[in-house]
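> The amino acid sequence is not available; the structure is as follows:
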């Protein structure tokens, strides 16, 4: 129960990112806000988790290009997700982003390691595509204009690529507990010029409070809570608990921010969440096979173990508890 509570608390924290951004209403440009969040969170995480041996593992020749790609997709996720929230609202932006994750991660698994997507992945992909289509219907009542949806899709795609990159880093001997905060910090440095390009509103009290919440609570705190519990949970349990993130964003969007999507937009968001739920549940045939071969012990089920986690935050989880990274459905 302690592990469940830790992962659940992390998902709740991550679900507040979009609502907090809109509730604070600071006027800070989303890219500048993302840079500040990554810099603060990356520094805090590095102070707590980075060790010399881990840094040495990142200097291996085979690791460099994958770490560079990890930094790029981490930065892309942060800036695109925050812009999607500003344009489309917290509930719909979160649904679009994390409904896209299983689609892209399945494609990456197929391209990089030859994994064949299963039936659950196909159903999840159909739900994601149909859900995004409903969001864009004229008169849907949603704030989701085309750029807002595209930002959400790019954010989800970035995290889908990040999952595959994390597996490649681990396979090449990189210390994933160090790679995660380093990726966040370097991504913040990559985007940091925007702090000078668009500094408006950053020094206000509400802006500083928002950056502190996003950097320390949702990034550093969420990461530490997640890694504390994920090593003791199955992939399917972690994936199901991670669905709390879009659920929290939806509840806060409706209850606190007054977001009222129309029928077709609400149906689209529900389809996206349904697809996310489908890929988080292990296939029964695989579970039965595992019991037969192991004499009563189930292997880690295949599923979207981290469909709701953020880039820079899931890397250490793939190495937590000494378990291999679970395959995406």
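Yep, it's here. On a predicted model such as this, the values are computed, not experimentally measured, just so you know. Numbering: from 1, shown residues only.
> all helices of the stretch 151-300 of the chain, in order?
Taking DSSP state H, counting those that start in this stretch as the criterion, the stretch 151-300 of the chain carries its helices at 176-191, 194-197, 205-212, 222-230, 235-242, 244-255, 263-280, 284-294.
> now those as a markdown table including distance to residue 170 and mean pLDDT?
Heads up, the C-betas are built off the backbone N, CA and C, glycines and all. Converted to a markdown table, the helices of the stretch 151-300 of the chain look like this (distance: least, C-beta to C-beta, whole Å; pLDDT from 0 to 100):
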| stretch | distance to residue 170 | mean pLDDT |
| --- | --- | --- |
| helix 176-191 | 5 | 91 |
| helix 194-197 | 31 | 91 |
| helix 205-212 | 31 | 95 |
| helix 222-230 | 14 | 79 |
| helix 235-242 | 15 | 65 |
| helix 244-255 | 23 | 83 |
| helix 263-280 | 21 | 78 |
| helix 284-294 | 22 | 44 |
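> Just put these in TSV and tack on distance to residue 23 and mean neighbour count.
Shown next, in TSV, are the helices of the stretch 151-300 of the chain (distance: least, C-beta to C-beta, whole Å; neighbours: other C-beta atoms under 10 Å):
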stretch	distance to residue 23	mean neighbour count
helix 176-191	23	24
helix 194-197	22	14
helix 205-212	9	16
helix 222-230	18	24
helix 235-242	23	25
helix 244-255	8	22
helix 263-280	19	23
helix 284-294	42	12
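> could you dump those helices to JSON lines with distance to residue 114?
Formatted as JSON lines, these follow (distance: least, C-beta to C-beta, whole Å):
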{"stretch": "helix 176-191", "distance to residue 114": "22"}
{"stretch": "helix 194-197", "distance to residue 114": "39"}
{"stretch": "helix 205-212", "distance to residue 114": "42"}
{"stretch": "helix 222-230", "distance to residue 114": "26"}
{"stretch": "helix 235-242", "distance to residue 114": "20"}
{"stretch": "helix 244-255", "distance to residue 114": "30"}
{"stretch": "helix 263-280", "distance to residue 114": "19"}
{"stretch": "helix 284-294", "distance to residue 114": "17"}
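> Those: which one's closest to residue 9?
Among the helices of the stretch 151-300 of the chain, the nearest to residue 9 by C-beta to C-beta is helix 222-230 (5.0 Å).
> pLDDT below threshold where in the stretch 51-200 of the chain?
Within the stretch 51-200 of the chain, the stretches with pLDDT under 70 are 136, 138-144.
> Residue 33 is nearest to which of the helices of the stretch 151-300 of the chain?
With C-beta to C-beta as the criterion, residue 33 lies closest to helix 205-212 of the helices of the stretch 151-300 of the chain, at 7.1 Å.
> And the contacts of the closest one?
20, 21, 24, 25, 26, 28, 33, 36, 37, 40, 201, 202 (C-beta atoms under 8 Å, 6 or more residues apart in numbering).
> other SSEs contacting the helix or strand that contains residue 105?
Per DSSP states H and E: residue 105 is located in helix 90-113. Under the contact criterion of 3 or more C-beta pairs under 8 Å, 6 or more residues apart in numbering; DSSP states H and E, helix 90-113 touches helix 17-24, helix 64-88, helix 119-135, helix 146-171, helix 244-255, helix 263-280.
> Now do the buried residues in the fourth one.
This points to helix 146-171. Neighbour-count burial for helix 146-171, counted by 16 or more other C-beta atoms under 10 Å, picks out 148-170.
> How about the second one?
Residues 66-67, 69-88 are the ones in helix 64-88 that count as buried (16+ other C-beta under 10 Å).
> Residue 124 touches residue 275, doesn't it?
Yes. In terms of C-beta atoms under 8 Å, residue 124 counts as a neighbour of residue 275; the distance is 3.8 Å.
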